[in-house]
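1. predicted model follows, preceded by the sequence.
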Amino acid sequence: MEHLKHHRYIEYFQRQLVREGSEDFWHKQKEWFDENRSSIARKFLEISKQPEDTPNRWAEAIMGHTDHGDYDNVFAKQIFEPLVKKVLEICEAHDLAPRFAVRFVNSPGAEPSPAALPSSFEHVLFAGQGTFAFCNYWAKIFSSAMAEVAELPDEERESPAAVIAKLRKGQVLVDATRLAVHYARFESLLGFGRIEQPNELLGFRTLLLNAMEVFIVGHEFGHFISHEAHPDTCGIPDGADSKHHELDCDAVGLAVCTEYGVRESNAFAFQLIGPLLLFYALRTCEQTKAILFTETQESNSHPSNEERFRFALEFLISAGASDQVMESVHFALDVAMCVGSQVQLTAHELKESLLANRNA
């Protein structure tokens with residue numbers, strides 16, 4: 001009976017995350033998964049290049065998945081549950097672990113932001129397809145862009161004009177603009193469709209994606225830790241405000257990300273390139289929305305993505321990042337900024353074209 005009550009309690013909060021009008025989308029996605037799970041499992045076996053008689057975590061999970069409630073999702077489970085476990089191990093190693101259990105629950109929200117539900121008996125972390133879709137799409141953009149720019153001679157990589165000229169020869173700027181415009185319209189990348197990427201970039205993109213996602217989980221752990229220390233003020237210490245509290249949670253996420261990078265040999269995590277590019281992608285999408293539709297209103301409770309980006313960069317510098325690390329970070333950010341500048345330029349041109357057609 002208690003288990004049933006707790007399950008209903010969780011489903012109640014999941015329903016609060018469902019965007020109005022999206023129920024049909026989730027229903028059709030469940031139908032698609034049930035009809036195609038065998039082919040999806042085979043695809044994961046092909047990607048992993050394992051023989052069919054070799055166990056594969058993803059393929060086994062897909063074939064054995066049974067929904068527990070209306071909002072369960074096998075992909076979210078396979079992505080975030082292992083990360084929650086690894087983040088917990090890192091926190092325990094540094095005496096930062098929450099006293100209460102942390103439970104992952106799929107979020108049926110369309111937005112990229114996860115949600116945390118701290119409590120005095122169990123903490124719940126909500127994240128789902130809205131989160132991993134946003135990270136995956138932009139990890140494709142940035143990994144493709146960096147791979148293309150890396151083909152340039154060293155001296156040309158220092159020239160924004162040469163970098164942009166190189167990127168314009170491919171598809172990445174078009175795809176980045178399409179993503180930003182889609183997000184500007186829907187505030188989500190769910191349902192965007194397919195973006196092609198060469199198979200040889202899969203490992204590159206996966207490392208970057210993983211670095212983004214582990215930071216996200218680490219940030220939510222920051223909320224759980226803070227809530228236990230200050231339960232009467234929703235985790236906000238005396239004299240602080242909610243914006244500074246969010247940056248404190250970012251600091252936890254960034255520290256976890258660097259440690260995770262060392263443990264998992266993920267340079268994008270160790271060098272904080274993952275979270276930096278995550279913030280830059282969110283900032284690019286918001287700027288595109290401001291150009292095409294309406295200016296984003298400043299939040300009273302959360303720092304802007306620009307502020308979070310600068311905080312992460314200052315965190316990296318204050319941690320004593322080596323010259324070699326900073327060189328890698330600057331390369332990634334230079335490429336990202338070239339992508340972002342072209343997205344904004346195209347958004348302005350699109351806006352002018354729409355206004356001209358409207359006034360014709």
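-> Cool, got the structure. Numbering: from 1, shown residues only.
2. quick one: low-confidence ranges for this protein?
-> Applying pLDDT under 70 to the chain flags residues 1-7, 48-55, 295-296, 360.
3. need the nearest residue in space to Val181, chain neighbours excluded.
-> Take Val181 and drop its neighbours on the chain: the residue closest to it by C-beta to C-beta, 6 or more residues apart in numbering is Thr288, 6.2 Å away. To be clear about C-beta, it is placed using only N, CA and C from the backbone, and glycine gets the same treatment.
4. with Ser119 instead?
-> Phe100 (7.3 Å).
5. looks like that neighbour contacts Val124 (just checking).
-> No - using C-beta atoms under 8 Å, Phe100 is not in contact with Val124, being 10.3 Å away.
6. okay, the two: which has more neighbours?
-> More crowded of Phe100 and Val124, by other C-beta atoms under 10 Å: Val124, with 20 against 15.
7. after the strand or helix carrying that one, which helix or strand is next?
-> Secondary structure from DSSP states H and E places Val124 in strand 122-128. The helix or strand immediately downstream of strand 122-128 is helix 129-149, counting by DSSP H and E.
8. domain-wise, how is the protein divided?
-> Here the domain parsing of the chain from automatic domain parsing is 2-130, 132-359.
9. tell me which of the ones you listed sits most buried.
-> Ranked by mean neighbour count, these are led by domain 132-359 with a mean of 18 (mean count of other C-beta atoms under 10 Å).
10. quote the end-to-end distance of it.
-> Taking C-alpha to C-alpha, to the nearest Å, domain 132-359 runs 40 Å from one end to the other.
11. could you do stretch 311-327 as well?
-> 18 Å.
12. how far out from the middle of the chain is that stretch?
-> Distance of stretch 311-327 from the chain centroid (C-alpha atoms, centre = their mean, to the nearest Å) equals 21 Å.
13. how about residues contacting stretch 30-40?
-> Residues outside stretch 30-40 that contact it (C-beta atoms under 8 Å, 6 or more residues apart in numbering) are 62-63, 65, 67, 74.
14. ok, 10 Å please
-> The contact list for stretch 30-40 (C-beta atoms under 10 Å, 6 or more residues apart in numbering) reads 43, 58-59, 62-65, 67, 70-75.
15. equivalent analysis for stretch 350-360, please.
-> For stretch 350-360, contacts defined as C-beta under 10 Å, 6+ apart pick out 177, 181, 288, 291-293.
16. so Val105, which of the three states?
-> strand (DSSP: H, G, I helix; E, B strand; the rest coil).
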